[in-house]
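Enquirer: fold the following and give me the result.
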Amino acid sequence: MELFCSFCTCYLGVKEPIADTRRTHGICPDCLERVLRQQGESSFDEYLDQFGAPVLVVDGQGRVAAANGAALALLGKPYRRVQGLLGGEAMECAWARLPGGCGQTIHCTTCTIRKLVMATMRDKQGRRRRWVSLTREAEVVDMLITTLYHENTVRIVIEQIRTRARGGETTAPSAGGNRAQGMA
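Expert: Residues are numbered from 1 along each chain as shown. A predicted model of the protein is given here:
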């Protein structure tokens with residue numbers, strides 16, 4: 001089995017049974033040190049802030065349960081304005097405003113973000129580095145994301161972002177330190 005860190009998604013090697021092609025999760029030394037250092041000293045949101053990439057944590061219904069500062073900067077909103085919102089509402093999906101709302105429109109059946117989050121929740125297996133698209137009012141946001149399952153939540157790590165006009169070409173590529181340019 002391949003072993004990945006549940007927190008930062010880094011590759012940790014293989015473990016028995018070697019022939020098993022599934023992935024499993026553990027914790028890398030750096031993340032373990034952070035967790036041990038923070039135990040009882042800070043909130044989960046503060047813990048998430050230690051990761052450079054934008055991170056959203058959603059519950060089993062797809063509602064935002066936590067977010068780090070990089071994700072909030074990307075969304076252009078304070079935590080109080082995204083807490084409890086469905087993912088599409090928080091990210092301002094164009095289809096979330098239709099009757100029925102996020103998760104209930106005809107477009108939601110093909111939503112790659114929703115499919116990845118729900119599959120991760122269902123089988124408790126993360127998905128690593130998948131391109132997904134979010135249709136917004138005037139643009140499409142393409143994101144490279146990793147999903148990780150942890151205690152009835154799914155952590156969504158946004159690794160890269162590209163925006164393009166609806167029906168047009170890429171207008172604002174970002175990666176690395178430019179991740180939090182803002183979606184709002």
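
Enquirer: when you work out contacts or count neighbours from here on, use the C-alpha atoms and nothing else.
Expert: Will do.

Enquirer: all the strands of this structure, residue numbers only.
Expert: With DSSP state E as the criterion, the chain has strands at 2-5, 11-14, 23-26, 55-59, 64-67, 127-135, 139-150, 153-165, 174-175.

Enquirer: looking at these, which has the lowest confidence?
Expert: Lowest mean pLDDT within the strands of the chain: strand 174-175, a mean of 44.

Enquirer: hmm, back to that, got the strands of the chain as a markdown table, with distance to residue 49 columns?
Expert: Below are the strands of the chain laid out as a markdown table (distance: least, CA to CA, whole Å):
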| stretch | distance to residue 49 |
| --- | --- |
| strand 2-5 | 17 |
| strand 11-14 | 21 |
| strand 23-26 | 20 |
| strand 55-59 | 8 |
| strand 64-67 | 8 |
| strand 127-135 | 20 |
| strand 139-150 | 17 |
| strand 153-165 | 12 |
| strand 174-175 | 18 |
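
Enquirer: residue 35 - how many residues pack around it?
Expert: The local packing count at residue 35 equals 15, with neighbours defined by other CA atoms under 10 Å.

Enquirer: pull the contacting residues for it.
Expert: For residue 35, the contact set (CA atoms under 8 Å, 6 or more residues apart in numbering) comprises residue 47.

Enquirer: can you do 10 Å?
Expert: The neighbourhood of residue 35, defined by CA atoms under 10 Å, 6 or more residues apart in numbering, consists of 7, 27, 29, 41, 47.
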